[in-house]
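In: 3D, please:
(one chain, ligands or ions: 2)
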Amino acid sequence: MDSLPLLCSILLLLGGGLYWFFWILRLAKINSIATEKLQDSYNKYWSFFSQPKEISNADKVLHFVDVFYSLITDVYEKIWGQSFHFSPSVRGKSHGEATRLHEEMAGDLIGVKPGHKVLDAGCGIGGPMRAIAAHSGCKIVGITINEYQVQRARMLNKKARVDSLCEVVLGNFLEMPFDDNSFDGVYSIEATCHAPMLEDVYAEIFRVLKPGALYVSYEWVTTDRYCSGNVEHEEIIRGIERGDALPGLRHYSDIAVTARKVGFEVVKEKDLAMPPAGPWWTNLETVKKIDNWINRTGATVLEALGLAPKGTLDVHVMLSATVSHLIRGGETGIFTPMHMILCRKPSPF
Ligand SMILES: C=C(CC[C@@H](C)[C@H]1CC[C@H]2C3=CC[C@H]4[C@H](C)[C@@H](O)CC[C@]4(C)[C@H]3CC[C@]12C)C(C)C
Ligand SMILES: C[S@@+](CC[C@H](N)C(=O)[O-])C[C@H]1O[C@@H](n2cnc3c(N)ncnc32)[C@H](O)[C@@H]1O
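Out: Ligands and ions are numbered 1, 2, ... in the order given. I've put the predicted structure just below:
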């Protein structure tokens, strides 16, 4: 008789253990890159982005940004969702709802309407494009440098039944396969920070935008609180750069200067992270708490058992370190991922 509770406890423990194991197996798996290439790609990525200040070769930056997205796209999607960006936390709203509001705001700022053709420069797997197309009824063309993201975005567009409105193209936003003056609006969400020279991507966006039309960008930048020479500040910013494939974070004041240099009129500029906006790093703190024992332990066990390819743990460790740097960047106020700039291409009339 006494053995029944014991048996039930053992069964529960076994069941729980198995559930954890299969859950982790699903989360830690990286499908976006061939198993045998994972460790090598990670090593090359890490040694390249560990010295961001020495990065001078733009072609190499583009190559390693592509490698980065092959390494992390699955992990981001499974844990963060289909939108690869931050948003201010909103009291009473979930992470998903706050994300959607932040995306819809980008569409509203450039005045998207049904019938408009809009460009999403650096579209990821298309979370923002699906939200903005559903919100406004406009047509959206997204461009990303990563082939796996193109496949994923097309599949998710079909699944969400917005494939008649949303199209995804593989390409480089520094040399886009689009005609001059062909878009009624352009937005970029936390994507142009990957460009070796901001001027190059802004000039290309200027070229494809119709005269009189608007461009909005959410930029990753350092703020006025960042002091170069402050050891902690520099360590945080270097940590953000190497863990997020960034060729060098810019100061917020450089953004409008660059926009004007390529011909834009700057309509509005604002750090969307400033109060009364809620902190954008709240969700990262939650992720950090569960990350160690769920993801890291899972990746360690799976890699040791040969169920996950070599390099899986390295990717998770890199992301964990990045989380800490991003949270410190937010807490100290030296960094924001949502410096919003709204620009107009002047019309000749
Ligand atoms: C704009 C960019 C990406 C912004 C964010 C979507 C991502 C930045 C850091 C990412 C993450 C960090 C920690 C990861 C965690 C250790 C892992 O176990 C699960 C995924 C993370 C939570 C991951 C999710 C996406 C980010 C928050 C950059 C690249 C320009
Ligand atoms: C952090 S993700 C943001 C994705 C999307 N805007 C979102 O919010 O979900 C950055 C995106 O920029 C794209 N990207 C970076 N450099 C690029 C380039 N040179 N050309 C095209 N896309 C690029 C990446 O492939 C990725 O899709």
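In: and whatever helix or strand residue 304 lives in, what's buried?
Out: Counting by DSSP states H and E, the element that carries residue 304 is helix 297-305. Using 16 or more other C-beta atoms under 10 Å as the test for burial, helix 297-305 gives 297-303. For the C-beta atoms, the positions are set from N, CA and C on the backbone; glycine is no exception.
In: who are the packing partners of it?
Out: Judged by 3 or more C-beta pairs under 8 Å, 6 or more residues apart in numbering; DSSP states H and E, the packing partners of helix 297-305 are helix 3-28, helix 312-332.
In: deepest of the ones you listed, which one?
Out: helix 312-332 (a mean of 19; mean count of other C-beta atoms under 10 Å).
In: tilt between that one and helix 297-305?
Out: Following axes from the mean of the first three to the mean of the last three C-alpha atoms, to 10 degrees, one obtains 160 degrees for the angle between helix 312-332 and helix 297-305.
In: off-centre distance for helix 312-332?
Out: 14 Å (C-alpha atoms, centre = their mean, to the nearest Å).
In: report the mean per-residue pLDDT for it.
Out: Helix 312-332 shows a mean pLDDT of 92.
In: and the next helix or strand past that helix?
Out: Assigned by DSSP H and E, the successor of helix 312-332 is strand 335-344.
In: that next one vs helix 312-332, what angle?
Out: Using the same axes, to 10 degrees: strand 335-344 against helix 312-332 is 80 degrees.
In: show me what strand 335-344 is packed up against.
Out: So strand 335-344, by 3+ C-beta pairs under 8 Å, 6+ apart, packs with helix 95-109, strand 209-222, helix 231-243, helix 252-261, strand 265-271, helix 312-332.
In: what about it, distance to the chain center?
Out: 15 Å.
In: residues in the stretch 201-349 of the chain within reach of ligand 1, list them.
Out: 244, 284, 287, 291, 295, 316, 319-320, 322-323, 326 (C-beta under 6 Å from any ligand atom).
In: from those residues, pick the one nearest ligand 2.
Out: Nearest to ligand 2 among these: residue 244, at 7.7 Å, using C-beta to the nearest ligand atom.
In: tally of neighbours for the closest one?
Out: Under the neighbour criterion other C-beta atoms under 10 Å, residue 244 is assigned a count of 22.
In: ditto for residue 270
Out: With other C-beta under 10 Å as criterion, residue 270 counts 11.
In: do the same with residue 348
Out: Residues near residue 348, counting by other C-beta under 10 Å: 5.
In: what about this protein, any weak spots by pLDDT?
Out: The model of the chain has pLDDT under 70 over residues 1, 20-29, 52-56, 292-294.
In: centre-most residue in it?
Out: residue 84 (3.4 Å; C-alpha atoms, centre = their mean).
In: count the residues that sit near residue 171.
Out: So residue 171, with other C-beta under 10 Å, has 14 neighbours.
In: list phi and psi for it.
Out: phi 180, psi 180 (degrees, to the nearest 10).
In: before we move on, what about the one 10 residues further on?
Out: Taking degrees, to the nearest 10, you get phi 50, psi 40 for the backbone angles of residue 181.
In: spatially nearest residue to residue 142, not counting backbone neighbours?
Out: Spatial nearest neighbour of residue 142, chain neighbours left out: residue 123 (2.8 Å); criterion: C-beta to C-beta, 6 or more residues apart in numbering.
In: oh, I was asking about residue 210
Out: residue 181 (4.9 Å).
In: one more: residue 314?
Out: residue 42 is the one closest to residue 314 (C-beta to C-beta, 6+ apart), at 5.0 Å.
In: that neighbour and residue 311, how far apart?
Out: 4 Å (C-beta to C-beta, to the nearest Å).
In: what does the stretch 151-300 of the chain have sitting close to ligand 2?
Out: Counting by C-beta under 6 Å from any ligand atom, the stretch 151-300 of the chain sits next to ligand 2 at 172-174, 189-191, 194.
In: burial count for residue 237?
Out: 23.
In: my bad, residue 34
Out: 11.
In: follow-up on the earlier one: state the pair within the residues of the stretch 201-349 of the chain next to ligand 1 that is farthest apart.
Out: 244 and 295 (17.6 Å; C-beta to C-beta).
In: hang on, the earlier thing: export the helices and strands packed on helix 297-305 to TSV and tack on distance to residue 76?
Out: Shown next, in TSV, are these (distance: least, C-beta to C-beta, whole Å):
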stretch	distance to residue 76
helix 3-28	11
helix 312-332	9
